[in-house]
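Enquirer: Give me a 3D structure for the following:
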Amino acid sequence: MRYRAIFFDRDGTLTMNDRDMDKELHRRYIELSGVELELPYERFIKFFNKAHEQDKPYIPYKTIKDEICFFTDFYELLLLDDGVKENVKEKAKYLGEKLWYVYKKPFDEVLEVLDYFRSKGYVMGVISDCPTSLEYSLELIGLSKYFTSFTASAQVGVGKPNPRIYQHALDIEDLKAEECLYVDDTPNEVDGARNIGMTAFHIDRKGKHEKTEWTITNLKEIIVYLRENNFD
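Expert: Okay, the predicted model is just below:
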């Protein structure tokens, strides 16, 4: 059997956060608020959830415009908590429009791997627990051209490992699960793909999890698997 398609998770698999944009966010936040941006995970989730609790028509957000509006609300709450009193809405609007969480960088081997699968005629898609800006975030770094489908949890209404999100991606491409490869950096999301019949790899770049026969540390190891098993 020759596989016909490969699906990728985004964050931690294809991309990482853009550190330069993270630095820019911190610099701009200091300029606008007069204080350092302190945003450990617990604080981020606190205000992320608080913004979601507000009675807004765009929650869960379905468009990029709605997503920017959401992060504008997020930054407004954050600025108020940091004691900012003047022009809070204007400052939050700037942060929401210019410095929202969409900027990514590809891992070093990503272009080589995507070029390989494109040269072999594979259908390629992305399945991610993220908002509707999935395609846009990949367009910004030149990766969207490789993919013919972008399956975001915000649009499907469920996240991984729910089988519906994987099946949604398969239906878009008119594929069967057994025809597809999948790779993700989160073990239970790998299991979700495998449970519906995909051949699924867990990419563990830093060796944080228990190793299995399907663990890889670099996307190029999928190509090695295909060649060793005469699927190339």
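Enquirer: Can you tell me the number of residues neighbouring the nearest residue to residue 74 once chain neighbours are set aside?
Expert: Spatial nearest neighbour of residue 74, excluding adjacent residues (Cβ to Cβ, 6 or more residues apart in numbering): residue 51 at 4.5 Å. (C-beta placed from N, C-alpha, C; glycine too.) Residues near residue 51, counting by other Cβ atoms under 10 Å, number 20.
Enquirer: buried sites along the lowest-mean-pLDDT helix or strand in the chain?
Expert: Ranking every helix and strand in the chain by mean pLDDT, DSSP states H and E puts helix 41-53 at the bottom, with a mean of 83. Under the neighbour-count criterion of 16 or more other Cβ atoms under 10 Å, helix 41-53 has 47, 48, 51 buried.
Enquirer: and what of stretch 143-155?
Expert: 143, 146, 147, 149, 150, 151, 152, 153, 154, 155.
Enquirer: Show me these that map onto helices.
Expert: Among the buried residues of stretch 143-155, the ones falling in helices (DSSP state H) are 153, 154, 155.
Enquirer: Would you mind confirming that the first one makes contact with residue 126?
Expert: No. In this structure, residue 153 is not within contact of residue 126 by Cβ atoms under 8 Å, at 11.6 Å.
Enquirer: Tell me where this protein has helices.
Expert: 19-33, 41-53, 64-81, 88-98, 110-119, 134-139, 153-156, 163-173, 187-195, 220-228.
Enquirer: Flag the least confident of the ones in helices among the buried residues of stretch 143-155.
Expert: Looking at these by pLDDT, the weakest one is residue 154, with 82.
Enquirer: What residues does the nearest residue to it once chain neighbours are set aside make contact with?
Expert: Excluding the flanking residues, the one nearest residue 154 by Cβ to Cβ, 6+ apart is residue 131, at 4.4 Å. For residue 131, the contact set (Cβ atoms under 8 Å, 6 or more residues apart in numbering) comprises 60, 61, 67, 152, 154.
Enquirer: ok, 10 Å please
Expert: 60-64, 66-67, 70-71, 100-102, 137, 152-155 (Cβ atoms under 10 Å, 6 or more residues apart in numbering).
Enquirer: Take these and, keeping just the buried ones, write it as a ChimeraX select command.
Expert: Applying 16+ other Cβ under 10 Å to those leaves a buried subset, and the ChimeraX line that selects it is:
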select :61,62,64,66,67,70,71,100,101,102,137,152,153,154,155
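Enquirer: Residue 158 against residue 127, yeah?
Expert: No. At 11.4 Å, residue 158 does not count as touching residue 127 under the criterion of Cβ atoms under 10 Å.
Enquirer: which residues are common contacts for the two?
Expert: 165, 168.
Enquirer: Those two - which one has more neighbours?
Expert: Using other Cβ under 10 Å as the criterion, residue 158 and residue 127 rank with residue 127 on top: 29 against 12.
Enquirer: Hmm, that one is touching residue 165, no?
Expert: Yes. In this structure residue 127 lies within contact range of residue 165 using Cβ under 10 Å: 6.2 Å.
Enquirer: which residues do these two both contact?
Expert: When contacts are counted by Cβ under 10 Å, 6+ apart, the set common to residue 127 and residue 165 consists of 151, 152, 153, 156, 159, 189, 192, 193.
Enquirer: which of these lies closest to residue 87?
Expert: residue 152 (33.0 Å; Cβ to Cβ).
Enquirer: Just give the nearest non-adjacent residue to the closest one, would you?
Expert: Per Cβ to Cβ, 6+ apart, closest to residue 152 is residue 134, 4.2 Å.
Enquirer: mind listing what that neighbour touches?
Expert: 10, 64, 102, 126-128, 144, 147, 150-155.
Enquirer: now these in TSV, with distance to residue 92?
Expert: Below are the contacts of residue 134 laid out as TSV (distance: Cβ to Cβ, whole Å):
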residue	distance to residue 92
10	26
64	17
102	17
126	30
127	31
128	26
144	28
147	32
150	28
151	30
152	24
153	25
154	21
155	25
